[in-house]
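1. can't give you the sequence, but here's the structure:
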Ligand code: URP
Ligand code: ZN
Ligand code: ZN
């Protein structure tokens, strides 16, 4: 059995900060050794002096190789999981997509076939339900048995993924009381579609119109409605990729009523803003849904505050990368044809480290919580994932807080031709990344393999 000793670092979990050496045996953490203990012999010693030793991060929301309109997101499981690992993320949860008229189980099996044997890090799945009907509701039992314990529904994208309130309720009734979680993409799709049609009709075709036709109030409205549907049915609900302060308010209010309501935001909603879409067609690089918001309206401030005080529990990425040339450009004359989504998977964890270290947005422990521990608990992976403890998977990210890193398409590992964080310099640099006892990244060198990642059969929501 292989042995690695991480020596001299400061171990940071969601609840503790301690000077300890970490002994890894095989795929697991075997011991945390405080000062004064005899150090065991190890085949490989990693000197972590002056470094933070964090749990490998858990990205609860990625989209590798998914179709969006006429394009397919550029990162495959192979390239996307490798890029994730470069940034300290050792687990992703991605999405099989059941399209209209399709079988849920077939979509699960198809995505499993794409990811298995092609992923550098461990992966699980949330199931997208694009067609709520008798068959898909029956097939929920099958994917549940396979460890898919969360399901994404949309009040956006009419005609594609959109579900009516009654369809949302049917899934919530199924999920209620069985420990699973309903994920909601909360935007009022039909109101937004009207605004989009009207914008195109008056010749408003540039990327900025994408954002202006998806008002924050319509995100708040959909969050309000679906939270009430969840309350009515007793289901646990997790609102994904929150961009608007109205949604934060809805979640905070529901949580203060004691309801199992959870929320996720993403680095793009914290660090990027509406004005970036107003750069002519270059603005297409920033088209995602919900859209980037205007800081003057207080959205970013509300999101940061909610992460610090636990009104929001998770930062994920919604990683869904499209090249600017050839993919985003599909919408050069019509913003509705720009594929939605941004490349983020590599940078989420470093951005959160920067937020804690350089900006003091929250403590390092809270940073670990929102980046690793809370998503692991919410999606039934804790303590296998999301912490450093005896018996946990040896998933670790070692960060040098004295180093810095400048983000750029020229140096990133995502398979996409631009960076939406181009030129941003971060405090702290991910130096070494370990997944299940295997060193993936060290000293700027890739030592991982496309077949290392394993499917994670997930348990139930551990906050319920
Ligand atoms: O713009 C986005 N968010 N693209 C990915 C699909 C989704 O809605 O999560
Ligand atoms: Zn979504
Ligand atoms: Zn998404």
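-> Received it, and whenever you're ready, just let me know what you need. Given the structure is predicted, the values throughout are model-derived calculations rather than measurements. Ligands and ions are numbered 1, 2, ... in the order given.
2. who touches stretch 272-286?
-> Stretch 272-286 is contacted from outside by 206-208, 210-211, 268, 287, 291-295, 300, 324, 328-329, 331-332, 335, 338, 342, 418, 420-421, using C-beta atoms under 8 Å, 6 or more residues apart in numbering. In this view, the C-beta of every residue, glycine as well, is placed from N, C-alpha and C.
3. Ignore what I typed, I meant stretch 217-236.
-> Applying C-beta under 8 Å, 6+ apart, the contact partners of stretch 217-236 are 155-156, 165, 168-169, 171-173, 175-177, 180-182, 184, 186-188, 191-192, 237, 239, 242-244, 246-247, 249-251, 254, 257, 259-262, 290, 461, 463-464.
4. Show only the entries of the residues you listed found in helices.
-> Among those, the residues falling in helices (DSSP state H) are 165, 168-169, 171-173, 175, 191-192, 246-247, 249-251, 254.
5. Could you look up the SS state of the residue nearest to residue 23 when sequence neighbours are not counted?
-> Setting aside the residues directly before and after it, residue 23 is nearest to residue 31 in space (C-beta to C-beta, 6 or more residues apart in numbering), at 4.2 Å. Three-state call for residue 31 (DSSP: H, G, I helix; E, B strand; the rest coil): strand.
6. Can you check what pLDDT the model gives residue 31?
-> In this model, residue 31 is scored at 96, pLDDT.
7. Next, count neighbours for it.
-> Counted by other C-beta atoms under 10 Å, the residues lying close to residue 31 total 15.
8. Would you mind confirming that it makes contact with residue 24?
-> No. Using C-beta atoms under 8 Å, residue 31 and residue 24 do not qualify as a contacting pair, with a distance of 9.0 Å.
9. Dig out what the residue in the stretch 101-250 of the chain positioned nearest to ligand 1 forms beta bridges with.
-> Here the stretch 101-250 of the chain gets closest to ligand 1 at one residue, residue 185, 5.0 Å apart by C-beta to the nearest ligand atom. Beta-bridge pairing for residue 185 (DSSP bridges): residue 154.
10. Would you mind listing the buried residues in stretch 330-338?
-> Neighbour counts using 16 or more other C-beta atoms under 10 Å place 330-331, 335-338 of stretch 330-338 among the buried residues.
11. Relative to residue 94, how far out is residue 163?
-> Using C-beta to C-beta, to the nearest Å, residue 163 is found at 20 Å from residue 94.
12. Residue 312 now?
-> 21 Å.
13. Same question for residue 80.
-> In terms of C-beta to C-beta, residue 80 sits 8 Å off from residue 94.
14. Please compare these two by neighbour count and tell me which comes out ahead.
-> residue 80 (35 against 25).
15. Can you give me every residue that contacts that one?
-> Counting by C-beta under 8 Å, 6+ apart, residue 80 touches 62, 64-65, 92, 319, 321, 345, 414-415.
16. Looking at these, which one is closest to ligand 1?
-> Closest approach to ligand 1 among the contacts of residue 80 (C-beta to the nearest ligand atom): residue 319, at 8.6 Å.
17. count of residues packed around that closest one?
-> Using other C-beta under 10 Å, residue 319 has 30 other residues around it.
18. Now it: closest residue in space, sequence neighbours ignored.
-> Distances taken as C-beta to C-beta, 6+ apart place residue 345 nearest to residue 319, at 3.8 Å, with adjacent residues excluded.
19. and what of residue 425?
-> Residue 425 sits nearest to residue 406 (C-beta to C-beta, 6+ apart), 4.7 Å away.
20. Is the one you found in contact with residue 427, as I believe?
-> No. Here residue 406 does not reach residue 427: they are 11.2 Å apart, not a contact under C-beta under 8 Å.
21. For the residue nearest to residue 425, give me its contacts.
-> Residue 406 makes contacts with 423-426, as judged by C-beta under 8 Å, 6+ apart.
22. What distance do you get for it to residue 412?
-> 11 Å.
23. before we move on, back to that, which of the contacts of stretch 217-236 are buried?
-> Judged by 16+ other C-beta under 10 Å, buried ones among the contacts of stretch 217-236: 155-156, 168-169, 171-172, 175-176, 180-182, 184, 186-188, 191-192, 237, 239, 242-244, 246-247, 249-251, 254, 259-262, 290, 461.
24. What residues does residue 131 make contact with?
-> Contacts for residue 131 (C-beta under 8 Å, 6+ apart) come out as 98-102.
25. Neighbour-wise, which one of those residues leads?
-> Using other C-beta under 10 Å as the neighbour criterion, residue 98 leads those with 26 neighbours.
26. and residue 360, how many neighbours?
-> Neighbour tally, residue 360, other C-beta under 10 Å: 9.
27. ignore the last one, residue 27
-> Neighbour count of residue 27, defined by other C-beta under 10 Å: 17.
28. Tell me the pLDDT of it.
-> Note for residue 27: predicted pLDDT of 98.
29. One more: residue 111?
-> The predicted local confidence for residue 111 is 98.
30. Look at it and give its secondary structure.
-> Assigned with three-state DSSP, residue 111 falls in the helix class.
31. ok, it touching residue 93?
-> No. Residue 111 is not in contact with residue 93 according to C-beta under 8 Å; the separation is 11.5 Å.
32. Find the residues that touch each one of the two.
-> With contacts defined as C-beta under 8 Å, 6+ apart, the residues shared by residue 111 and residue 93 are residue 125.
33. Nearest residue to the middle of the protein?
-> The structure's the chain has its C-alpha centroid closest to residue 316; by C-alpha atoms, centre = their mean the separation is 2.6 Å.
34. which residues sit in contact with that one?
-> Going by C-beta under 8 Å, 6+ apart, residue 316 touches 59-62, 240-241, 264, 266, 348, 375.
35. redo that, cut-off 7 Å
-> Residue 316 makes contact with 59-61, 264, 266, 375 under the criterion C-beta atoms under 7 Å, 6 or more residues apart in numbering.
36. picking up where we left off before, I'd like the contacts of residue 80 written out as CSV, with pLDDT and distance to ligand 1 added.
-> As requested, the contacts of residue 80 are exported to CSV (pLDDT from 0 to 100; distance: C-beta to the nearest ligand atom, whole Å):
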residue, pLDDT, distance to ligand 1
62, 98, 10
64, 98, 11
65, 97, 12
92, 99, 14
319, 98, 9
321, 98, 10
345, 99, 12
414, 99, 15
415, 98, 16
